[in-house]
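1. I would like to see how this sequence folds:
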Amino acid sequence: MRFLLDTHVFLWWLQDHRALSSAARAALSDPKAQVAVSAVSIWEIAIKMSLGKLSLRGVSVRDLGDLPSACGFEALPFSAAAAAEVLGLPFHHHDPFERALIAQAQLESLVLVTHDAAMAAYSVQIMRV
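-> This is a model prediction of the structure:
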């Protein structure tokens, strides 16, 4: 199965946060699973870090782009096609980062791993954590 992590899920993974269920941990740790982190999430994290709203101990600007691969995940580029896909999405969700991840999951046929209930309003496969 191919998964795309929502930004908060990726952060929970990095921080070994208890909000990430054991079922989700097991699914994402499965050697057969292909887990991706979008460039959109890295961008969102970078913005939050630059605004002082997020701190990741020991992570510098130079390290941020390498975090997905350091976790054994695929770093997934955000394409022009995925950006254009956002145009066709209804406004169930107004967060531009979330909308970009939804569009990317739809376009790439990925299961979006999220805790955000609003994501289920879109035609995308969801794994709630």
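
2. when you work out contacts or count neighbours from here on, use the C-alpha atoms and nothing else.
-> Noted.

3. packing partners for the lowest-mean-pLDDT helix or strand in the chain?
-> Within the chain, confidence by mean pLDDT, DSSP states H and E is lowest for helix 61-64 among all helices and strands, at a mean of 88. Judged by 3 or more C-alpha pairs under 8 Å, 6 or more residues apart in numbering; DSSP states H and E, helix 61-64 is in contact with helix 39-50.

4. with only the CA atoms kept, save the helix it packs on in CSV.
-> The C-alpha trace of helix 39-50 is given here as CSV (Å, rounded to 0.1, in the frame of the first residue of the first chain):
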residue,chain,number,x,y,z
ALA,A,39,7.4,18.6,-0.3
VAL,A,40,4.3,20.4,0.7
SER,A,41,4.7,19.1,4.3
ILE,A,42,8.4,20.1,4.4
TRP,A,43,7.4,23.6,3.2
GLU,A,44,4.7,23.8,5.8
ILE,A,45,7.1,22.7,8.6
ALA,A,46,9.7,25.2,7.3
ILE,A,47,7.2,28.1,7.5
LYS,A,48,6.1,27.1,11.0
MET,A,49,9.7,26.9,12.1
SER,A,50,10.6,30.2,10.6
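
5. show me how far that helix is from its chain's centre.
-> 11 Å (C-alpha atoms, centre = their mean, to the nearest Å).

6. okay, buried residues for that helix please.
-> By 16 or more other C-alpha atoms under 10 Å, the buried positions in helix 39-50 come out as 39-42, 44-46.

7. what of stretch 50-66?
-> Result for stretch 50-66 [16+ other C-alpha under 10 Å]: buried residues Gly65.
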